[in-house]
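Participant: Pasting the sequence and the predicted model now:
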Protein chains: 2
Amino acid sequence: MDQKTTIYDIAKKLDITAATVSRALNNNPKISEVTRKLVLETAAKMNYKQNRLAQSLRSGKSNNVGVIVPRIDSNFFASAIRGIEEELRPEGYHVIICQTLEDENRQAENITTLLNAQVDGILMSISHLSKENDPVIRNVINKNVPLVFFDRKKNMDGVSSVTINDFEAGYLATKNLIEQGCKRIAHLTGDQTLEIYVNRYDGFKKALLDNDLKLNPDYVFQTKSNVEAGRQAIDRLLSLDPPPDGIFSSSDFAALGVIQELQERGIKVPEEFCVFGFGNEPFTRFMELTISSVDQSPLEMGRMAAKVFLEQINNTDNVKIEKKVVLTPELHIRKSSTRIK
Amino acid sequence: MDQKTTIYDIAKKLDITAATVSRALNNNPKISEVTRKLVLETAAKMNYKQNRLAQSLRSGKSNNVGVIVPRIDSNFFASAIRGIEEELRPEGYHVIICQTLEDENRQAENITTLLNAQVDGILMSISHLSKENDPVIRNVINKNVPLVFFDRKKNMDGVSSVTINDFEAGYLATKNLIEQGCKRIAHLTGDQTLEIYVNRYDGFKKALLDNDLKLNPDYVFQTKSNVEAGRQAIDRLLSLDPPPDGIFSSSDFAALGVIQELQERGIKVPEEFCVFGFGNEPFTRFMELTISSVDQSPLEMGRMAAKVFLEQINNTDNVKIEKKVVLTPELHIRKSSTRIK
């Protein structure tokens, strides 16, 4: 390690106090322009490098913003992060990302990691949580670090959120299947402790009700968001008597597994069985049999979450801002649920 | 903000010096067990919270490791990060991620951001860089922060790296196309300032040479790694006389664009035109026409990069470790390049 110039060296050189040097370097208005210039010039000559971390300890600002997502290898979350970066970078903020892999302990660790890295705010999409009032999340709020939920949220006092209307999305996807002639519609849902999945399921139920179709509880179950889970689910559903003739899956990955399994069994999609996914992952339009899906406007959602954060951090009044933004979902109806052209 | 308990408050309460309190809290062996216990108990009673950042400023350790990748929305990088996390988490390290979006300025900002967040090391896959001896990367080395390159690297003194044998991968992919009967093979390469693309191209050239096929410079050009770029590339290639009858693309996304465009024009894959991609993105096996591709063992690569980092950080001897790990690529030959069964 080389001998570093400190503010004390500069103070000694100029015969002023270290506090004055520090104030000058931090553009404190109490310091005259003449002194400030002198200090800056001397600091430059002496090759003084401000420790930005020590600086952030003083100013309480790091210009880093933390983003926590369940996983980065999903088009949805990757695009939301891109939206966040696009909005924050011009404002001088840098984004650092952590993933939870749906693990509550990792989520707690991530929050601690980001707080220790002195982030100015946290934008997060929560993983499967059991606790209604998570103490680690509560700690972020107590520390007055701006917190914004996007997509997956818990209702917590003082926390803003940006989501899409999952109820409407579930309703419209199911309505599309009904319009295509499906009578026995199954639903693959995600973790019911997460609002987004509850809302999609509620939309599904309401669409059945509005169209005089009966909800068969055997047709509804919870799956993970991957291809294998979709295969297993349809395997189970096809063993029922009668089997369903259409499915609304809360996950594109599970929907893909459903289609693969149906095709291997020689069941024609969409003629004999319609499939609707969720998330608008790129592969849904890459396939030869394109998959109907719900777009969640991740870029827009990320941008909006960043805007809500900026509003909070730039809020100099002593008022609390709590904002709930709900975006409108966009349906992409593709081959997997298009019988009638 | 509430009034926080400081080490000075504890010192005053116990009538000892603040330095002693600090040493006790940091488990300094110079402090007796009795004093240490007393300080810890008093600290707990007074609701003292250690600022882990200030602590890391002193100890020089944050237990955070930074990972920088060009983009997170690629299966390759997401899986590599997963490998890194799997290896580092049991060792008590937390991973924070930044993406560069192939932008050199962002890359420099990311490095600064991570250094300011006091990471204990940086694992990175570089973005398109023009500079041979990037001063920002050099700065990481000068600060004695362990740095490990994975996949995309520059040769820099003192920097370890984990890569796959891209030359071999390019050679074998091209050989497969030749074995399938392709005579006029095109190549889509990436940025030639990056070693990985140079090596894949060299492998391509060597395979042609070894099989007495001529390299047609018109058949080789640089494209971005996305579907649209692949479509444009094949559009240009098909206008040539004669057009190529096979292609080795350095990107799965470009390979997908090539296939989509060929299919729209009624050109049969693989009968009339064979396609080989690179990266083994999930969609290459999801498609009905599965796409041949090179697997880069990202999980393994991430794990290995993490192991190299751990070796460096746990190296208490005053020796420099520079390690170059080269993994063997794995070919997945699928429908898009299988004429002969």
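Facilitator: Nice, I can see it. Numbers count the residues shown, from 1 in each chain, chains lettered A, B, ... in the order given.

Participant: quick one: A:Gly66 is in a helix?
Facilitator: No - A:Gly66 is assigned strand when assessed by DSSP: H, G, I helix; E, B strand; the rest coil, not a helix.

Participant: what residues are up against A:Phe253?
Facilitator: A:Ser225, A:Asn226, A:Val227, A:Ala229, A:Gly230, A:Glu281 (CB atoms under 8 Å, 6 or more residues apart in numbering or on different chains). Yep, even glycine has a C-beta here, placed from its N, CA and C like the rest.

Participant: Worst mean pLDDT across the helices and strands of chain A, which element?
Facilitator: Within chain A, no helix or strand scores below helix A:52-59, which has a mean of 52 by mean pLDDT, DSSP states H and E.

Participant: any idea how far chain B is from the most centrally placed residue in chain A?
Facilitator: Nearest residue to the geometric centre of chain A (CA atoms, centre = their mean): A:Ser125, 3.9 Å. To chain B, A:Ser125 is 14 Å away according to CB to the nearest CB, to the nearest Å.

Participant: wait, what's in contact with that residue?
Facilitator: Counting by CB under 8 Å, 6+ apart, A:Ser125 has contacts A:Ile68, A:Val69, A:Pro70, A:Phe77, A:Ala80, A:Phe149, A:Phe150, A:Asp151, A:Arg152, A:Lys153.

Participant: Run a quick neighbour tally on the fourth one.
Facilitator: Taking other CB atoms under 10 Å in any protein chain shown as the neighbour definition, A:Phe77 ends up with a count of 26.

Participant: Is there contact, residue-wise, from the host helix or strand of it to chain B?
Facilitator: In the assignment (DSSP states H and E), A:Phe77 maps to helix A:75-88. Yes - using CB under 8 Å from any CB of the partner chain, helix A:75-88 comes into contact with chain B via A:Asn75, A:Ala78, A:Ser79, A:Ile81, A:Arg82, A:Glu85.

Participant: Skip the chain neighbours and tell me the closest residue to the second one.
Facilitator: Same thing as A:Ala78. Spatial nearest neighbour of A:Ala78, excluding adjacent residues (CB to CB, 6 or more residues apart in numbering or on different chains): B:Asp73 at 3.2 Å.

Participant: For the stretch 201-341 of chain A, which segments are assigned as helices?
Facilitator: A:227-238, A:252-264, A:283-286, A:298-313 (DSSP state H, counting those that start in this stretch).

Participant: can you tell which of these is closest to A:Asn64?
Facilitator: With CB to CB as the measure, helix A:298-313 is the member of these nearest A:Asn64 (12.0 Å).

Participant: buried ones in the closest one?
Facilitator: A:298-310, A:312-313 (16 or more other CB atoms under 10 Å in any protein chain shown).

Participant: And stretch A:16-23, by the same measure?
Facilitator: In stretch A:16-23, counting by 16+ other CB under 10 Å, buried: A:Ile16, A:Thr20, A:Val21, A:Ser22, A:Arg23.

Participant: could I get that stretch in CSV with only the CA atoms?
Facilitator: The C-alpha coordinates for stretch A:16-23 follow below in CSV (Å, rounded to 0.1, in the frame of the first residue of the first chain):
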residue,chain,number,x,y,z
ILE,A,16,-6.3,25.4,8.2
THR,A,17,-8.3,22.8,10.0
ALA,A,18,-9.1,19.3,8.7
ALA,A,19,-12.8,20.1,9.1
THR,A,20,-12.5,23.1,6.8
VAL,A,21,-10.7,20.9,4.2
SER,A,22,-13.5,18.3,4.5
ARG,A,23,-16.2,20.9,4.1
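
Participant: circling back to that earlier point, tell me which of the contacts of A:Ser125 is nearest to chain B?
Facilitator: The shortest approach to chain B among those belongs to A:Phe77, at 8.3 Å (CB to the nearest CB).

Participant: Spatially nearest residue to the closest one, not counting backbone neighbours?
Facilitator: A:Val69 (4.2 Å).

Participant: Can you get me a residue count around the one you found?
Facilitator: 27.

Participant: That one contacts A:Ala80, doesn't it?
Facilitator: Yes - if you go by CB atoms under 8 Å, A:Val69 and A:Ala80 touch, sitting 7.4 Å apart.
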